[in-house]
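*Asks:* Please work out how this folds:
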Amino acid sequence: MKHVYVGGYGPGIVTIGDGAEPRLTRVTSPSFLAAHPTLPVLYAVGELERGWLTAYEAGPEPRPLDERPSEGDSPCHVAVSPGGDLLAVANYGDGTAIIYHLDERGAFAGEPIVLRHQGSGPNPDRQAGPHAHQAVFHDDVLHVSDLGTDEIRRYQDDGTPLRPIPLSAGTGPRHFAFDGPRLYVAGELDGTVTLIEGERRTTVPASRSQGPNAVSHLHLERDLVYVANRGPDTVTVLRAADLSPVAEVPTGGHWPRHFAIDGDRMYVANQHSDRVDIFTLRDGVPEPAEAAYEVESPACVLIM
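*Replies:* Below is the predicted model:
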């Protein structure tokens, strides 16, 4: 049976999905969660000034398996490589990214590879220094979005830096996704979605709203791109081929920080509403399913 795990800035990880009342695993600021690709293990970052990373045995009540420091300030994202042997963390506060090796249990092995960075962007309030925001393993390369320096940093598995992918000044790249050679990037600071394919780039507004939009999560599902808009409080659906609009749907709450899709269901973490709203996908477009879970300050949804 699948479980829905919700991390955030409340008292811990909330587990939903076995027909019982939601269960709470107490941990401080588990703002992002990730699953091991083959083992029943999930990982949570502790978004603190002295950040932490915890591995859990998955289940109705996750049990701690291992814990290590994130080697940086305010870790906000964690990801596991497709082979399950590497784990990466993005520390937003100081821009540091790290790589850990994982053993056969999914626990941490050895010392981490620490990837520090320097740089800035044109927005003095948000880009005075590097701010690593997401880590993605793709084609045996670790990619790290840096909101502070307007680039996707790239590293080999051993930490050797590769040439980064630059973005327009002031983009503030947050979350991104690959589809073969195509790269889709959500710009938190300029409210856009950018498609990069070789030398060709297409950039469109993430929302039809004329007000401020702090774009958050981006997800690719089949031939559609989904992006959450904080401010407009909507999810936008775009065609992956050319970023042409399909729909823009209210999320039923405020400040949609993250969402997850499982089959024909979408779970939206409306952070400032203290609620995870559930939608039904019809032809790829979210429709309210008239169901929600009360969760304090949700920031991430993981289904496994």
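*Asks:* ok, longest strand in this structure?
*Replies:* Selection of the longest strand in the chain by residue count, based on DSSP state E, yields strand 285-294.
*Asks:* Can you tell me the closest non-neighbouring residue to Ser273?
*Replies:* Gly253 (3.3 Å; Cβ to Cβ, 6 or more residues apart in numbering). Glycine gets a C-beta too; all of them are placed from N, C-alpha and C.
*Asks:* quick one: the one you found from Ala291, how far?
*Replies:* As for Gly253, its distance to Ala291 is 13 Å (criterion: Cβ to Cβ, to the nearest Å).
*Asks:* How about Leu33?
*Replies:* For Leu33, the distance to Ala291 - Cβ to Cβ - is 21 Å.
*Asks:* ok, the two, which is more surrounded?
*Replies:* Leu33 (26 against 12; other Cβ atoms under 10 Å).
*Asks:* ok, the more buried one - contacts?
*Replies:* Counting by Cβ atoms under 8 Å, 6 or more residues apart in numbering, Leu33 touches Tyr5, Gly7, Ile13, Leu42, Tyr43, Ala44, Val78, Cys300, Leu302.
*Asks:* can you give me the end-to-end distance of stretch 48-61?
*Replies:* 23 Å (Cα to Cα, to the nearest Å).
*Asks:* ok now that stretch, how far from the chain's centre?
*Replies:* 16 Å (Cα atoms, centre = their mean, to the nearest Å).
*Asks:* List the buried residues of it.
*Replies:* Buried residues in stretch 48-61, counted by 16 or more other Cβ atoms under 10 Å: Gly51, Trp52, Leu53, Thr54, Ala55, Tyr56, Glu57, Ala58.
*Asks:* Now do the nearest residue to the first one once chain neighbours are set aside against Gly180, distance only.
*Replies:* On the basis of Cβ to Cβ, 6+ apart, the spatially nearest residue to Gly51 that is not a chain neighbour turns out to be Ser70, at 3.4 Å. When Cβ to Cβ is applied, the distance between Ser70 and Gly180 equals 31 Å.
*Asks:* So for those two, which residue has more residues nearby?
*Replies:* Per other Cβ under 10 Å, whichever of Ser70 and Gly180 has more neighbours is Ser70, with 27 against 8.
*Asks:* show me the residues around Tyr43 that make contact.
*Replies:* Contacts here follow Cβ under 8 Å, 6+ apart; on that basis Tyr43 touches Leu33, Ala34, Ala35, His36, Leu53, Thr54, Ala55, Tyr56, Val78, Val80, Leu87.
*Asks:* Where does it fall, secondary structure wise?
*Replies:* Following DSSP states H and E, one finds Tyr43 within strand 41-46.
*Asks:* Also compute the angle for the very next helix or strand once past that strand relative to strand 41-46, please.
*Replies:* With elements assigned by DSSP H and E, the helix or strand that comes after strand 41-46 is strand 52-57. Relative orientation of strand 52-57 versus strand 41-46 (axes from the mean of the first three to the mean of the last three Cα atoms, to 10 degrees): 160 degrees.
*Asks:* Give me the mean pLDDT for strand 52-57.
*Replies:* Averaging pLDDT along strand 52-57 yields 98.
*Asks:* Beyond that strand, next helix or strand please.
*Replies:* strand 63-69.
*Asks:* helices or strands next to that next one in the packing?
*Replies:* Strand 63-69 is packed against strand 52-57, strand 108-115, with contacts defined by 3 or more Cβ pairs under 8 Å, 6 or more residues apart in numbering; DSSP states H and E.
*Asks:* got the buried residues for it?
*Replies:* Those would be Leu65, Asp66, Arg68, for strand 63-69 by 16+ other Cβ under 10 Å.
*Asks:* Likewise for stretch 199-210?
*Replies:* Neighbour-count burial for stretch 199-210 [16+ other Cβ under 10 Å]: Thr203, Pro205, Ala206, Ser207, Ser209.
*Asks:* can you give me the strands for the stretch 1-150 of the chain?
*Replies:* Here the stretch 1-150 of the chain has its strands, by DSSP state E, counting those that start in this stretch, at 4-8, 12-16, 23-26, 32-35, 41-46, 52-57, 63-69, 75-80, 86-91, 97-102, 108-115, 132-138, 141-146.
*Asks:* Indicate which one of the ones you listed is closest to Leu218.
*Replies:* Checking those against Leu218 by Cβ to Cβ gives strand 132-138 as the closest, at 9.2 Å.
*Asks:* For that closest one, which outside residues touch it?
*Replies:* 72, 76-82, 86, 88-92, 95-97, 117, 142-147, 153, 173-178, 188.
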